[in-house]
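A.B. asks: what follows is a predicted structure for the sequence shown.
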Amino acid sequence: MLSIYPRSDNRERVQDYPLATWREYRNEYLRECLRLEGRGNDLTNTICPDCRSETPEGVKPTVRCVDCYGRDMVCEPCVVRRHQRTPLHRVERWTGSFFETVSLQELGLRVQLGHAAGHRCKFPEAGPGDFTVIHINGVHDVALDFCGCTRVERRVQLIRAAWWPATPLDPHSAATFAALNTFHRLNLQGKLNVYDYWNTIVIKTDNTGLKPPPDRLPAFTLMAREFSHVKMGKRAGRGHVENGMDSVSPGELAIRCAACPRPGFNSPPSLEHVPESQRWVYRPIFCMDANFRLKNRLRVNGARDVSLRGASGYFVEPEGYAHHILNAATQDEICNCVGFSAINNANSKRSKGLCVTGVGAVTCRHEFWQPNGVGDLQKGERYCNMDFIFFSAFSHSRNKSGVVSYDIACQWSKNLWKRVDELPTHLRIPSSTDFTFAVPKFHLPAHGVPCQGPYSFNFLNGVGRTDGEGVERNWANMNGAASSTKQMGPGARQDALDNHCGHANWRKTIGFGKSLLRRMIPAISEALKHRRVFSDFQKILEKEQPEPGTAALWEKEVLLWEKDHSLPCPYDMPASTITLDSVQLDLAKEDAEKGAKDGVLVAMSSAELFLLAMEIEEVQRGITADNVSKPTAHQAARLQERRNALAKRLVRFRVQAAKTFPLRSTVITSEHAHLCDAEAARPDKVVLPLPSSTPSALRAKIYSQDAIETEKRLRYAEAFESLDRVRHHLRMRSYLNAYKVKNTTGQAPNTRARNLQSQVDVKVHAAAKRYRHARRLYAELAGDGDWQDELQELLDEDIRGLSERAVRVNEAEEENVDGGEGKRTLSWLWYGAVSAESEKREAGMHAAVRTEWAKARARALRWTEEVVMVRAEMQRVLITLTQEAMQWTALVDRLSVSDAALTDGLNAFAREQSSLRVRLATSFQTMWAIASKQADEFLTSPDLQESQELAISEAIQAVRIPRSRNMDDEYASIASDHEFSNDVDDDDD
């Protein structure tokens with residue numbers, strides 16, 4: 001047989017082609033599986049191997065257990081004796097031809113509760129004859145005996161056997177802890193709903209439908225909710241206090257973030273003695289957002305379905321929230337500056353029959369769901385909802401300041417303190433609380449220009465490299481439960497979402513070791529790089545700027561702007577004040593004044609005619625761009641329809657032009673209103689009769705000087721407006737390129753990202769083509785002049801983003817660049833991003849370099865802040881784990897009970913939890929040792945030599961993060977992708 005493997009070594013072959021290797025053995029696997037369907041090695045056995053010594057003649061083995069190791073066959077009495085400790089195993093009986101399923105109950109097994117396995121009670125009390133137990137391997141009918149020699153309630157006897165009773169009163173069914181725990185894990189990790197889990201158990205019991213087990217789905221659903229609720233209280237230490245679950249404080253059952261500052265717990269109780277310049281380290285960062293996939297349907301009996309958690313977990317306090325929402329029943333959704341479709345469509349899109357249209361939530365920088373930070377939305381995303389949710393979460397923070405990230409923070413932050421006065425008293429906070437608002441990095445480019453600087457995380461002090469998008473990543477994980485929670489009652493839904501929040505928070509807690517290390521490694525490397533880049537930039541600036549103190553002046557402008565955002569933003573290029581709309585308005589006013597003066601208003605002025613011509617030219621360029629060499633029949637038909645419509649517009653335009661400029665037809669007699677055959681076939685190639693398209697020798701004979709000047713002004717404005725479009729699309733292109741490299745993996749996502757990039761590229765080239773056309777026609781009218789310094793010829797190599805080639809000192813050294821030539825990596829396109837009233841190119845270059853300097857400074861600061869923040873977060877995590885370990889230790893022997901076994905269980909669990917946190921802290925500290933040492937060296941030495949920087953870089957790059965295919969890595973790896981935008985500036989423009 002010809003081998004398909006390029007290597008001869010068997011081990012390497014198996015590793016590289018595992019399934020191809022196994023395929024050679026599949027027939028062997030198939031036959032061995034079929035062998036297990038028979039009696040196997042017991043084929044010739046005629047005596048039971050267990051009772052051979054008890055009965056000389058022996059008993060023929062007829063039964064085997066499919067859950068016991070070996071599957072050896074024994075007699076019926078022996079299989080019952082064997083399973084006194086494992087009464088929920090599945091057994092099969094040999095019929096003489098094949099095996100059939102039989103229950104241990106049918107074989108005579110009775111389960112005795114309240115005593116050790118194999119021991120009978122002196123006064124047994126028979127349980128219900130139809131008692132059913134749900135286990136991970138199926139649904140079992142069990143013959144049950146309760147203990148009658150003690151006064152222990154039946155429900156307690158079941159729980160002590162690790163069987164959860166379906167009801168506390170007179171249970172006829174139960175579910176094993178193993179079955180409930182398995183569903184709990186599958187539901188949280190795989191988003192498996194209870195219906196599918198139950199049917200899986202049914203299929204494992206009987207996959208033929210001939211002997212279906214009794215329907216226990218409603219009972220199992222209730223047991224699963226009760227089980228998860230008790231587990232939540234158990235892990236919160238409520239079993240170690242006198243009143244247990246009866247008086248739980250709001251948010252007490254929630255798992256708190258160990259890395260966020262909590263005054264008096266893992267950070268100083270007061271910042272009075274902390275220097276002003278360091279207080280930002282103790283400022284929490286909150287991210288809030290709404291999700292309209294987590295809907296909930298109206299249910300007739302919804303009022304009867306109450307939540308077991310109430311406000312003890314992650315949801316807001318229900319009564320107070322409902323009362324607050326009711327008082328604002330007529331309030332509209334939050335207005336926004338960009339018109340996000342998620343907000344605009346929340347009310348109208350598929351909301352019929354829903355009692356909840358979505359969920360609002362608050363998370364922290366580390367993507368932990370906040371206590372009492374989740375709430376239902378009844379009518380889209382309104383102020384009353386989001387205000388109550390945010391301040392419910394913030395009420396658990398004793399901090400006096402915070403950063404709030406929200407995709408519509410620019411609008412939500414307005415009049416915030418007025419709305420705080422409308423909240424319940426316990427949620428009102430002092431107006432002296434210092435909030436800083438920001439828009440997440442991925443959402444910011446869609447906002448208007450006024451929002452770009454003030455709400456950018458890149459330009460906000462004290463946030464490091466936070467992107468503000470953590471809550472969005474949390475939604476991605478939570479949305480898997482949307483299909484099942486949509487059909488639940490309100491109480492079941494809240495309990496389910498609470499479970500998912502707690503699960504996510506715990507996985508991130510134990511994943512802090514890797515997640516913070518993944519943040520620290522690139523933070524140190526990037527901080528070193530950007531600090532060096534900014535230092536080199538400063539040296540170039542000092543060398544090339546004729547005026548001393550330029551950098552100090554720029555820094556002063558940045559610092560002033562950080563205190564007062566009403567000042568000009570130093571991160572923005574001055575925008576052009578010349579637009580086509582502004583010139584059109586001026587011309588319209590002039591036409592009105594002229595008409596009022598002459599007493600006559602013409603049907604169409606020259607300005608209106610030229611604007612119409614520009615619209616037609618835009619259509620012509622669009623048709624030319626869409627004219628592919630080999631179109632499909634559909635494409636050809638659509639293209640021809642567009643050409644036909646364009647031809648009609650051209651005829652109407654020529655007729656109107658003849659009326660507006662009647663001298664043209666007398667001077668150029670060869671022109672006609674109707675199109676010739678060649679023009680009708682390709683109307684996109686027809687040249688419009690305009691001053692700019694008329695030979696200069698005939699232009700003055702046909703058009704007045706006013707008409708010529710009018711087209712000049714329009715073409716001048718069109719050129720500037722086209723340049724602005726080119727810059728805008730280049731910013732978006734750079735942003736998309738960075739996002740794709742940073743976040744997109746896999747063939748399908750890469751294909752979608754590439755399609756989006758292609759769409760932006762098309763817009764870039766279209767804007768460039770329009771600019772070149774406008775510039776060429778303006779040159780025909782204006783001739784050579786100073787305007788060419790502003791409207792330069794746009795070559796293909798000039799069309800690049802501002803940060804596609806940054807100012808780097810090594811480029812200057814390699815290319816032997818001197819003076820201002822060191823900045824020639826900036827295209828003139830960005831030098832010209834200023835108004836015509838500015839100092840033209842020199843001022844434009846100055847503004848571009850100033851902006852690049854400010855952004856280089858911001859990059860260096862943000863990466864350095866990231867190192868500081870992650871180092872502080874590492875310390876807070878260790879402090880938190882140590883504090884929690886001490887808290888659990890303090891619970892040992894705290895509750896005085898008469899039951900010694902209960903005391904033993906309480907103490908064992910408390911010591912286990914304390915030990916777990918100590919072991920986590922030790923593991924994290926070991927994992928972070930090298931990175932922490934390098935971070936401390938970097939932070940304590942602001943003026944590192946190049947050799948020192950190299951040593952730190954080599955040390956940090958040598959750190960290896962352990963990787964494994966488990967849930968810890970799933971949550972820990974989030975930190976490595978915590979930025980939606982790369983270290984570029986185009987997303988901020």
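C.D. replies: Happy to help now that I have it.
A.B. asks: show me where the stretch 51-200 of the chain has its helices.
C.D. replies: In the stretch 51-200 of the chain, the segments counted as helices under DSSP state H, counting those that start in this stretch are 76-82, 154-160, 177-190, 194-205.
A.B. asks: quick one: the longest one to helix 194-205, angle?
C.D. replies: Calculated by axes from the mean of the first three to the mean of the last three CA atoms, to 10 degrees, helix 177-190 forms an angle of 130 degrees with helix 194-205.
A.B. asks: so what touches helix 177-190?
C.D. replies: 134-136, 162-164, 192-194, 197, 201, 223-224, 227-228, 231, 496, 499-500, 503, 967 (CB atoms under 8 Å, 6 or more residues apart in numbering). C-beta here means a position set from N, CA and C on the backbone, and glycine is covered the same way.
A.B. asks: let's see 7 Å
C.D. replies: Helix 177-190 is contacted by residues 134-136, 162, 164, 192, 194, 197, 223-224, 227-228, 499-500, 503, 967 when judged by CB atoms under 7 Å, 6 or more residues apart in numbering.
A.B. asks: any idea which of those the model trusts least?
C.D. replies: Sorting the contacts of helix 177-190 by pLDDT puts M967 at the bottom of the list (42).
A.B. asks: hang on, the earlier thing: filter the contacts of helix 177-190 down to just the buried residues.
C.D. replies: 134-136, 164, 192, 194, 197, 223-224, 227-228, 499-500, 503, 967 (16 or more other CB atoms under 10 Å).
A.B. asks: for the contacts of helix 177-190, which one is nearest V870?
C.D. replies: Ranked by distance to V870 (CB to CB), those are led by M967 at 22.3 Å.
A.B. asks: which SSE is the spatially most central residue of the chain in?
C.D. replies: Note on the chain: the residue nearest the mean C-alpha position is R473, at 2.4 Å, using CA atoms, centre = their mean. Using DSSP states H and E, R473 falls within helix 470-478.
A.B. asks: next SSE downstream of that helix?
C.D. replies: As assigned by DSSP H and E, the chain's next helix or strand after helix 470-478 is helix 482-485.
A.B. asks: for the very next helix or strand once past that next one, which outside residues touch it?
C.D. replies: As assigned by DSSP H and E, the chain's next helix or strand after helix 482-485 is helix 490-510. Defining contact as CB under 7 Å, 6+ apart, one finds that helix 490-510 is touched by 188, 225, 228-229, 232, 254-255, 258, 296, 302, 305-309, 313-315, 366-369, 374, 474, 477-478, 481, 485, 488, 515, 920, 967-968, 971.
A.B. asks: next SSE downstream of helix 490-510?
C.D. replies: Note on helix 490-510: by DSSP H and E, the next helix or strand toward the C-terminus is helix 512-544.
A.B. asks: got the angle for that following helix vs helix 490-510?
C.D. replies: Using the same axes, to 10 degrees, one finds that helix 512-544 and helix 490-510 are set 70 degrees apart in direction.
A.B. asks: against which helices or strands is helix 512-544 packed?
C.D. replies: In terms of contacts (3 or more CB pairs under 7 Å, 6 or more residues apart in numbering; DSSP states H and E), helix 512-544 is packed against helix 550-563, helix 809-814, helix 840-890, helix 900-940, helix 946-957, helix 967-972.
A.B. asks: how about that helix: buried residues?
C.D. replies: Buried, per 16+ other CB under 10 Å, within helix 512-544: 512-531, 533-534, 536-537, 540-541, 544.
A.B. asks: where does the stretch 501-650 of the chain have low pLDDT?
C.D. replies: Per-residue confidence of the stretch 501-650 of the chain (counting by pLDDT under 70) places the weak regions at 544-548, 573-584, 586-587, 590-603.
A.B. asks: do the same with the stretch 701-850 of the chain
C.D. replies: For the stretch 701-850 of the chain, the ranges with pLDDT under 70 are 734-746, 748-749, 752-753, 802-827, 830-846, 848.
A.B. asks: strands of that one, start to end?
C.D. replies: For the stretch 701-850 of the chain, strands defined by DSSP state E, counting those that start in this stretch do not occur.
A.B. asks: before we move on, back to that, so for the helix holding R473, what's the average pLDDT?
C.D. replies: Averaging pLDDT along helix 470-478 yields 91.
A.B. asks: so what secondary structure elements neighbour that helix?
C.D. replies: strand 285-291, strand 358-364, helix 490-510.
A.B. asks: rewinding a little: how about the helices of the stretch 51-200 of the chain, which one is nearest C51?
C.D. replies: helix 76-82 (5.4 Å).
A.B. asks: got the buried residues for that closest one?
C.D. replies: E76, P77, C78, V79, V80, R82.
A.B. asks: and of these, the nearest to S267?
C.D. replies: S267 lies nearest to R82 out of the buried residues of helix 76-82, by CB to CB, at 58.5 Å.
A.B. asks: which one's the longest strand in this structure?
C.D. replies: Assignment by DSSP state E gives strand 369-377 as the longest strand of the chain.
A.B. asks: show me what contacts T433?
C.D. replies: Taking CB under 7 Å, 6+ apart, one finds K400, S401 in contact with T433.
A.B. asks: what's the answer for the one 5 residues further on, then?
C.D. replies: Shown in contact with A438 (CB under 7 Å, 6+ apart): V403, S405, A409, Y455, F457, L460, G468.
A.B. asks: let me see the confidence value for the third one.
C.D. replies: Read it as A409. A409 is given a pLDDT of 92.
A.B. asks: which residue, other than its chain neighbours, is closest to it?
C.D. replies: Closest residue in space to A409, ignoring its immediate chain neighbours: F437 at 4.2 Å, by CB to CB, 6 or more residues apart in numbering.
A.B. asks: is that neighbour in a helix, a strand, or coil?
C.D. replies: The three-state label given to F437 by DSSP: H, G, I helix; E, B strand; the rest coil is strand.
A.B. asks: mind checking how far it is from E100?
C.D. replies: 69 Å (CB to CB, to the nearest Å).
A.B. asks: the more surrounded of these two?
C.D. replies: Ranked by neighbour count (other CB atoms under 10 Å), F437 and E100 place F437 first, with 18 against 9.
A.B. asks: residue contacts, that one?
C.D. replies: F437 makes contact with V404, A409, S413, Y455 under the criterion CB under 7 Å, 6+ apart.
A.B. asks: one more time with 6 Å
C.D. replies: Counting by CB atoms under 6 Å, 6 or more residues apart in numbering, F437 touches V404, A409, S413.
A.B. asks: counting neighbours, what do you get for the first one?
C.D. replies: Going back to what we said before, that points to V404. V404: 21 neighbours (other CB under 10 Å).
A.B. asks: name the element it belongs to?
C.D. replies: V404 belongs to strand 401-406, assigned by DSSP H and E.
A.B. asks: next, the angle strand 285-291 makes with that strand.
C.D. replies: 30 degrees.
A.B. asks: only alpha carbons, please: show whichever helix or strand comes after strand 401-406 as PDB.
C.D. replies: Counting by DSSP H and E, the next helix or strand C-terminal to strand 401-406 is helix 409-412. Only the C-alpha atoms of helix 409-412 are listed here, as PDB (Å, rounded to 0.1, in the frame of the first residue of the first chain):
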ATOM      1  CA  ALA A 409     -21.400  58.900  27.500                       C
ATOM      2  CA  CYS A 410     -21.400  62.200  25.600                       C
ATOM      3  CA  GLN A 411     -25.100  62.400  26.100                       C
ATOM      4  CA  TRP A 412     -25.700  60.400  29.200                       C
END
